[in-house]
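[1] Here's a sequence, model it:
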Amino acid sequence: MYDNIETSEILKNAASVWKYLRKQGGLSTKTYDADLVEELKFKLTLSSQGNLEDLLENINTEDFVRAFFQTVQPYAEMMSDLLRMFETAGAKQTNKNLAISFNFNQNHPELKFDLSHFRSWLETWERVLGIYLANQWNYDTIWKLNSALHESNDEDVNNSDLKGWLNQYIKEGTWPDFQLHALISGESDLDKILTRVWQVWNEVVAESSKYGRERRILREMAFKPQESSSNTDSGSLQKNQLGWVPEFLGRIDSDHWAASLAKGAYLKAERISKLPSEARLEEAAKLRNKLEDIFKAVSKVEVQRDTLVQHLQEFLQLPLWKHRYELYSIWIVTQILDALKSHSIRIHQVNGTLKFSFSGTHFATVDNFEPRLHIWTELRSPLENPIGEGRKQSIQPDYSLVIDPVTSPESSVFVVECKQYLRASSKNFSAALSDYARGRPNAHIVLVNYSSVNQNILNRVDATVRDRTSLIGMMRPGSISAQEFKTLVQQSLTKTYVHRSTRHTFSSFAEIESITLNWGNILRDLDLHLRIDTSSDTYNVCYSNKGNKTTKPWAYLNEDIQSGDGTETIKMAQWVKGKYHFAVRNYSGETPLSSCGATITITSSKQRLKLQCPDDGEGKWWSVLILDSNTNQFEVINKIVESPW
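    Numbers count the residues shown, from 1 in each chain. Below you'll find the model as predicted:
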């Protein structure tokens with residue numbers, strides 16, 4: 001018995017489990033949890049129309065529970081990010097059991113816990129998730145699934161949705177920007193297992209697209225020359241505890257697995273549906289048996305039904321499940337900190353407690369910016385005549401990045417508002433962006449949403465401030481949106497600090513210690529170049545001439561990286577009189593510089609400044625900056641050009 005409910009009643013069918021989850025989990029299916037309902041429908045390949053409980057008739061209990069845990073998986077990843085942040089804050093303060101206080105909602109009691117509690121909650125969450133996400137597909141079984149549905153590639157596709165999907169996938173080389181739903185044959189027993197097939201297909205496509213809209217990004221991760229393929233060719237386990245490994249996904253995508261299976265499933269279902277009654281039953285039975293044999297061959301963790309209920313209870317009783325809305329808002333700060341990870345950040349405590357409060361908290365300070373940068377939660381500031389409902393002569397966004405003096409609205413440089421709605425409200429979202437942009441006249445305002453957003457909402461934002469506003473939807477751990485958010489933080493701060501830096505005069509160029517180029521795996525080979533023009537000579541420091549720290553020009557390159565995820569640094573042992581022009585060359589050229597996300601970090605004895613590669617412009621070179629040791633001035637160029645000199 002669990003809470004006076006018989007196990008047999010809870011697990012009678014998928015609809016009974018859903019009733020139990022709604023009651024025990026406190027799900028607000030018409031408001032905050034509406035997106036959870038829609039994602040469940042999608043993962044189970046159900047119609048987006050209608051009541052979920054009524055649609056679960058043909059879904060077995062185990063598949064439903066697995067889909068539920070897949071849907072809440074992002075919260076476990078948020079907890080992992082938060083744990084790393086909490087541990088960092090505790091370690092820096094020599095407080096190994098840091099206390100944390102969540103008090104973002106004045107209508108809910110404060111949730112206070114320490115690091116040991118949080119680790120225990122996360123272990124429980126990940127253990128339960130891992131059990132139900134442990135279907136172990138390998139190359140043999142995943143391609144058998146494809147072969148069972150294979151139809152002649154010469155056959156024409158009639159379905160317009162499938163045509164559009166295949167066009168984006170194959171011709172454009174991108175993961176399509178819309179969902180594709182399964183086609184049914186009309187034979188209920190076959191359609192039940194086709195639904196399971198489509199769940200696997202949806203999972204593969206969703207996991208693959210996390211690594212970037214362009215399919216080549218995932219394939220490049222899978223075929224890195226320096227990595228051994230022994231693990232992925234062996235047919236061994238292809239999933240980690242909480243997700244698919246990118247090497248496996250990239251390798252099956254190189255053979256167009258997703259397109260092949262989708263086309264085969266559509267054509268097979270369509271062909272069977274058009275057969276005469278007797279032949280249709282025979283063909284449907286043959287295909288069903290073949291598919292069932294494949295699913296039986298996929299290893300999975302078997303869970304007793306009593307244990308399944310125990311896991312559900314264990315999961316739903318976690319304190320952080322009841323505070324999952326606040327969990328999302330607090331997770332956003334980990335993404336802000338990640339965007340600033342190359343800087344020295346102090347996370348503030350109050351009497352050994354890390355506080356998150358709706359009344360306003362000075363959360364962290366970045367000391368090596370000049371002026372210093374502060375991160376505040378719920379920082380209130382005045383605003384005359386706000387247009388958003390519920391605002392009265394003030395605004396109070398979730399996060400504010402501000403410089404001194406903190407109390408001045410003009411000091412905000414970046415503002416974040418967090419939302420968690422299935423359907424973005426054009427009126428409310430645009431009003432929030434307009435109010436915050438008017439109230440913080442020097443800040444870039446970004447509204448992030450857990451679910452998708454329509455960028456047309458920006459058209460309703462006050463035209464006088466619209467260019468300082470952004471919307472980011474599907475903001476979740478590991479998503480493309482999360483990377484876009486971090487890039488936006490970096491670019492906004494670059495505009496603020498580079499603007500100040502272009503007027504800065506160093507007391508001595510000896511303050512500058514190094515210039516460092518960083519980039520990810522979108523490009524294999526970027527090269528950092530330095531050209532020094534003196535009154536009598538020109539010196540070049542680059543991959544072909546790494547310079548020297550003991551003779552002129554006393555500048556040298558540490559190494560030449562040619563396989564992505566690179567860091568190249570030029571250091572100056574001493575300075576000559578002249579102009580130092582730094583630039584970056586796109587040597588391998590797989591993608592334009594404007595989409596590479598590379599950064600340059602200028603490190604001095606007193607501060608560190610970062611420049612983001614521009615997201616517009618054409619050319620093989622990124623002209624970065626010019627340092628003039630004759631005048632102790634430097635000029636930030638930060639443009640993509642055909643030739644820097």
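[2] Show me the residue at the heart of this structure, geometrically.
    What sits nearest the mean C-alpha location of the chain, by C-alpha atoms, centre = their mean, is residue 479, with 2.4 Å.
[3] Report pLDDT for that one.
    If you check residue 479, the pLDDT there is 81.
[4] Would you confirm that it contacts residue 210?
    Yes: between residue 479 and residue 210 a contact is recorded at 6.0 Å, counting by C-beta atoms under 8 Å. All C-beta atoms are positioned from the backbone trio N, CA, C, and that covers glycine.
[5] Go ahead and confirm residue 331 touches residue 82.
    Yes: counting by C-beta under 8 Å, residue 331 does reach residue 82; the two are 6.1 Å apart.
[6] where's the residue nearest to the centre of the chain relative to residue 445, distance?
    According to C-beta to C-beta, to the nearest Å, residue 479 and residue 445 sit 21 Å apart.
[7] And residue 532, by the same measure?
    Taking C-beta to C-beta, one finds residue 532 at 42 Å from residue 445.
[8] Run a quick neighbour tally on the residue lying closest to residue 587 once chain neighbours are set aside.
    Excluding the flanking residues, the one nearest residue 587 by C-beta to C-beta, 6 or more residues apart in numbering is residue 525, at 4.2 Å. Residue 525 is flanked by 18 other residues according to other C-beta atoms under 10 Å.
[9] Now do the same contact list for residue 525.
    Neighbour list for residue 525: 561-564, 566, 587-588 [criterion: C-beta atoms under 8 Å, 6 or more residues apart in numbering].
[10] cool, and residue 547?
    Applying C-beta under 8 Å, 6+ apart, the residues near residue 547 are 530, 539, 541, 553, 555-557, 570.
[11] Torsion angles phi and psi at it?
    phi 80, psi -170 (degrees, to the nearest 10).
[12] Bridge partners for it, pull those for me.
    Bridge pairing for residue 547 (DSSP bridges) gives the partners residue 556.
[13] Okay, it and residue 579: tell me how far apart.
    16 Å.
[14] Which residue, other than its chain neighbours, is closest to residue 24?
    Counting by C-beta to C-beta, 6+ apart, the residue nearest residue 24 is residue 316, at 5.0 Å.
[15] So between residue 331 and residue 82, which is more surrounded?
    With neighbours defined as other C-beta under 10 Å, residue 331 and residue 82 compare such that residue 331 has more, 24 against 19.
[16] tell me which element the more buried one falls in.
    According to DSSP states H and E, residue 331 maps onto helix 324-339.
[17] Worst mean pLDDT across the helices and strands of the protein, which element?
    Ranking every helix and strand in the chain by mean pLDDT, DSSP states H and E puts helix 230-233 at the bottom, with a mean of 41.
[18] Which is the succeeding secondary structure element to it?
    helix 246-253.
[19] Any idea how far that following helix is from the middle of the chain?
    Chain-centre distance of helix 246-253: 19 Å, with C-alpha atoms, centre = their mean, to the nearest Å.
[20] by contact count, what packs against the helix or strand following it?
    Next helix or strand after helix 246-253 toward the C-terminus (DSSP H and E): helix 257-273. In terms of contacts (3 or more C-beta pairs under 8 Å, 6 or more residues apart in numbering; DSSP states H and E), helix 257-273 is packed against helix 139-148, helix 160-166, helix 188-209, helix 277-297.
[21] and of those helices, who's closest to residue 494?
    Closest to residue 494 of those is helix 188-209 (C-beta to C-beta; 28.3 Å).
[22] about what we covered before: need the helices and strands packed on helix 257-273 in TSV with distance to residue 39, mean pLDDT and mean neighbour count, can you?
    As requested, the helices and strands packed on helix 257-273 are arranged in TSV below (distance: least, C-beta to C-beta, whole Å; pLDDT from 0 to 100; neighbours: other C-beta atoms under 10 Å):
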stretch	distance to residue 39	mean pLDDT	mean neighbour count
helix 139-148	23	91	17
helix 160-166	19	89	16
helix 188-209	10	84	20
helix 277-297	23	89	15
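[23] closest one to residue 345 among those?
    Among these, helix 188-209 comes nearest to residue 345, with 31.2 Å by C-beta to C-beta.
[24] from the chain's centre, how far out does the closest one sit?
    23 Å.
[25] what is the orientation angle of it with helix 246-253?
    Orientation check (axes from the mean of the first three to the mean of the last three C-alpha atoms, to 10 degrees): helix 188-209 against helix 246-253 gives 120 degrees.
[26] what's the following helix or strand after helix 188-209?
    Of the helices and strands lying after helix 188-209 in sequence (DSSP H and E), the nearest is helix 215-222.
[27] Please export the C-alpha coordinates of that following helix as CSV.
    Taking Å, rounded to 0.1, in the frame of the first residue of the first chain, the C-alpha atoms of helix 215-222 are listed here in CSV:
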residue,chain,number,x,y,z
ARG,A,215,23.8,17.8,-38.9
ARG,A,216,27.5,18.0,-39.8
ILE,A,217,28.3,19.2,-36.2
LEU,A,218,27.2,15.9,-34.7
ARG,A,219,29.0,13.8,-37.4
GLU,A,220,32.2,15.7,-36.9
MET,A,221,32.0,14.9,-33.1
ALA,A,222,31.6,11.2,-34.0
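[28] starting at the chain centroid, how far to it?
    Centroid separation between helix 215-222 and its chain, computed with C-alpha atoms, centre = their mean, is 17 Å.
[29] Domains in this protein, by residue range?
    7-84+110-134+303-322, 139-297, 324-500, 503-641 (automatic domain parsing).
[30] Which one of these lies nearest to residue 100?
    The nearest among the domains of the chain, by C-beta to C-beta, is domain 324-500 at 4.8 Å.
[31] Can you list the buried residues in stretch 462-469?
    465, 468-469 (16 or more other C-beta atoms under 10 Å).
[32] And for stretch 473-480?
    Across stretch 473-480, burial judged by 16+ other C-beta under 10 Å covers 473, 475-477, 479-480.
[33] out of those residues, who's nearest residue 16?
    Using C-beta to C-beta, residue 476 is the member of the buried residues of stretch 473-480 that lies nearest residue 16, at 29.2 Å.
[34] Quick check: the closest one touching residue 450?
    Yes: under the criterion of C-beta under 8 Å, residue 476 is in contact with residue 450, at a separation of 6.7 Å.
[35] does residue 477 sit in a helix or strand, and which one?
    For residue 477, there is no host helix or strand (DSSP H and E).
[36] Enumerate every residue touching it.
    74, 77-78, 80-81, 331.
[37] do that again at 10 Å, thanks
    Going by C-beta atoms under 10 Å, 6 or more residues apart in numbering, residue 477 touches 73-81, 210, 331, 334-335.
[38] what do you get for residue 258?
    146, 165-166, 169, 175-176, 180, 201-202, 204-205, 208-209, 215, 249, 252.
[39] any idea of the mean pLDDT in the helix holding residue 331?
    For helix 324-339, mean pLDDT rounds to 89.
[40] Excluding sequence neighbours, find me the nearest residue to residue 343.
    Excluding the flanking residues, the one nearest residue 343 by C-beta to C-beta, 6+ apart is residue 366, at 5.0 Å.
[41] And the pLDDT at that neighbour?
    With respect to pLDDT, residue 366 scores 89.
[42] do the same with residue 416
    According to the prediction, residue 416 has pLDDT 97.
[43] now swap in residue 394 and tell me
    On pLDDT, residue 394 comes in at 94.
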